[in-house]
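*Asks:* Give me a 3D structure for the following:
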Amino acid sequence: MLTDFAIRVEVVHIPVMLKEVVAYLEPKPGGIFVDATIGCGGHSREILAGIRPSGQLIGIDQDQEALALVRKGLNEYSDNLFLVNDNFRNLKNILADLKINSIDGILFDLGVSSLQLDTLHRGFGIKHEAPLDMRMDKRSRVSAFELVNKLPLEEISRILRVYGEERFHARIARAIVEQRKRNPVMTTTELADIAVKAQGYHKFYKIHPATRTFQAFRIAVNDELASFEAALKEAVGFLNPGGRVCVLSYHSLEDRIAKNIIRDFEKQGCLRRLTKKPLQPLQTELSQNPRSRSAKLRAAEKV
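*Replies:* Numbers count the residues shown, from 1 in each chain. Take a look at the predicted model:
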């Protein structure tokens, strides 16, 4: 029987590669910046400190819970901060509504946030029992439950292969379909158990064997890759000359999109890469924040 879904563990938010992000964004007084995934506001706090007294920061997040927390946490910067509950793929409309034609910098901190991972009822985590949800925007009608229990075997296998880069995709997909013939897959722990049993658990695994399965369904539920690709391309058009874009990614699919788009704009003479290769966290940061271990930072400047 499930424990209380609404239990939330204490979230201690440590923004990933904070010094590096701020150094590359170069927030200056009076600047207009966008935090496309404001989350708990760790990066935004430093950006706001740099753009005061007259600068503006547009903080976007599709997660209503995150915005409620950041509104309180950054209350001292309320005159400079505009919070928008939306998907960053709608960047063009968001800026148009705010009557903003150009910006000096934008940050994309991708993937699932600490808040989402540590809020048990959201269903993002592997280790704690919770409903299969994984929606970053709870207004969305499609959750992981619908995908796991309703999609055909071939589509589940494709999602695991493409979004999770899971080599056991066919085996796990078959195990999911066999299980749901008996009973629907209801919880995160049930899905994790299926993934583990389908591929076998080996002590040499560096990550939990269900990690890629969860990543795949989360990306599919939130259409993350297509949203990021559209938003990054659009963001470049809004940058002022000398404006900066920074991308923090946490797996190869996101990083590949960032790399290719920045490279393509560089070939067109629109961007100049500031990071020839992606930067990764220093060992001192890894010891303080193990969740940053897979982070990669790319930065570019508008020509």
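*Asks:* now the chain, which segments are flagged as low pLDDT?
*Replies:* Low-confidence segments of the chain, defined by pLDDT under 70, span residues 1-13, 201-205.
*Asks:* Three-state assignment for the nearest residue to residue 226 once chain neighbours are set aside, please.
*Replies:* Closest residue in space to residue 226, ignoring its immediate chain neighbours: residue 89 at 7.5 Å, by C-beta to C-beta, 6 or more residues apart in numbering. Quick note: C-beta positions are derived from backbone N, CA and C, even for glycine. Three-state secondary structure (criterion: DSSP: H, G, I helix; E, B strand; the rest coil) places residue 89 in helix.
*Asks:* tell me which residues in the strand ranked longest in the chain are buried?
*Replies:* With secondary structure taken from DSSP state E, the chain has its longest strand at strand 239-249. By neighbour count, and taking 16 or more other C-beta atoms under 10 Å as the criterion, the buried residues in strand 239-249 are 239, 243-249.
*Asks:* Specify the residue ranges that define each domain of the protein.
*Replies:* The record's domain parsing of the chain by automatic domain parsing lists 18-115+224-302, 128-222.
*Asks:* Turn these into CSV, including distance to residue 122.
*Replies:* Below are these laid out as CSV (distance: least, C-beta to C-beta, whole Å):
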stretch, distance to residue 122
domain 18-115+224-302, 8
domain 128-222, 6
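*Asks:* Residue 121 is nearest to which of these?
*Replies:* When those are ranked by proximity to residue 121, the top entry is domain 128-222, at 5.6 Å, counting by C-beta to C-beta.
*Asks:* can you give me the helices in the stretch 201-303 of the chain?
*Replies:* Ranges of helices within the stretch 201-303 of the chain are 211-222, 224-238, 252-267, 283-288, based on DSSP state H, counting those that start in this stretch.
*Asks:* Over to the stretch 51-200 of the chain?
*Replies:* Counting by DSSP H, counting those that start in this stretch, the stretch 51-200 of the chain has helices at residues 64-73, 91-97, 114-118, 144-150, 153-164, 169-182, 188-199.
*Asks:* Now do the second one: distance to the chain's middle.
*Replies:* Relative to the mean C-alpha coordinate of its chain, helix 91-97 is positioned 20 Å out (C-alpha atoms, centre = their mean, to the nearest Å).
*Asks:* Go through it and flag the buried ones.
*Replies:* When burial is assessed from 16+ other C-beta under 10 Å, helix 91-97 yields the following buried residues: 91, 94-95.
*Asks:* Ok, the shortest one next?
*Replies:* Within helix 114-118, the residues that count as buried by 16+ other C-beta under 10 Å are 114-118.
*Asks:* Let me see the residues that make contact with stretch 219-234.
*Replies:* Under the contact criterion C-beta atoms under 8 Å, 6 or more residues apart in numbering, stretch 219-234 has outside partners 36, 87-89, 91-92, 108, 110-111, 134-137, 140, 142-144, 147, 159, 163-164, 218, 245, 247, 253-254, 257-258, 261.
*Asks:* Grab the nearest non-local neighbour of the spatially most central residue of the chain.
*Replies:* The geometric centre of the chain, computed from its C-alpha atoms, lies nearest to residue 111 (C-alpha atoms, centre = their mean), at 2.0 Å. Taking C-beta to C-beta, 6+ apart, and ignoring the residues beside it in sequence, residue 111 has residue 250 as its nearest neighbour in space, at 4.2 Å.
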